[in-house]
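>>> Next comes the sequence, and after it the predicted model I'd like to discuss.
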Amino acid sequence: MGAVAVSTEAHKQDGFLVGVISDTHGHLRPEVAEAFAGVDLIIHAGDIGNHEVLKALGAIAPVYAVRGNMDGGWAHGLPATEVVEIGEVLIYVLHDAYLLNLDPAAAGFVAVINGHTHRATVENRKGVLFLNPGSASPYSSSGTVALLRIRGRSLVPQIVTL
């Protein structure tokens, strides 16, 4: 399992701001650009829908994405899971948390980011942050994304309603 390291400013004084999104299903709400203004990077937790969504997000900040269960042939090049190293923290990203096949705390992860349920949730399980940003699809009745502030090993999540 290789990690993608965000190392351009590994010791950034004010920390990192990460935009977290999932379940766009091929459509990106215009409010996402405003919600993600100023983020250092974006993590998409699957069910992206098409390359255009990734391209639009990439215009905001670098994007790390995993494929979801609804991502078809276009997404075969995307990993099912990703390890993202941001500063001092390791984050495990997958679409469906029910498919998690490791103990994140034992593996050294500080957070697990997932999607799939279309419900935004923030939970602490055995010292590991589990963050689901909900669904950012315009077809979702309450579109949400998340912001994750990282300072050292401290994580502060925030659910943002679009």
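Happy to help now that I have it. Residues are numbered from 1 along each chain as shown.

>>> can you give me the helices for the chain?
Shown for the chain, the helices assigned by DSSP state H span residues 31-35, 51-58.

>>> can you redo these as TSV with mean pLDDT?
Formatted as TSV, these follow (pLDDT from 0 to 100):
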stretch	mean pLDDT
helix 31-35	96
helix 51-58	97
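
>>> Run through the chain and note the low-pLDDT ranges.
1-13 (pLDDT under 70).

>>> List the contacts of the residue nearest to the spatial centre of it.
The chain has I43 as the residue nearest its centroid, 3.2 Å off, counting by CA atoms, centre = their mean. I43 makes contacts with 18-21, 63-65, 84, 91, 93, 113, as judged by CB atoms under 8 Å, 6 or more residues apart in numbering. (C-beta placed from N, C-alpha, C; glycine too.)

>>> Pick out whichever of those residues sits closest to S142.
Closest approach to S142 among these (CB to CB): I21, at 14.3 Å.

>>> Let me see the contact set for that closest one.
Here I21 is in contact with 32, 36, 42-45, 57, 133, 136, 145-146 (criterion: CB under 8 Å, 6+ apart).

>>> Ok, G19 next?
By CB under 8 Å, 6+ apart, the residues touching G19 are 32, 35-36, 39, 41-43, 57, 60-61, 145-147.

>>> and with 10 Å instead?
Neighbouring residues of G19 by CB atoms under 10 Å, 6 or more residues apart in numbering: 32-33, 35-44, 57, 60-61, 63, 133, 145-148, 160.

>>> Now for E123: which residues touch it?
Counting by CB under 10 Å, 6+ apart, E123 touches 97, 112, 129-132, 157.

>>> repeat that with 7 Å
Counting by CB atoms under 7 Å, 6 or more residues apart in numbering, E123 touches F130.

>>> rewinding a little: want to throw the contacts of I21 into CSV with distance to W74?
Putting the contacts of I21 into CSV (distance: CB to CB, whole Å) gives the following:
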residue, distance to W74
V32, 20
F36, 23
I42, 19
I43, 19
H44, 14
A45, 17
L57, 15
P133, 22
A136, 19
V145, 22
A146, 25
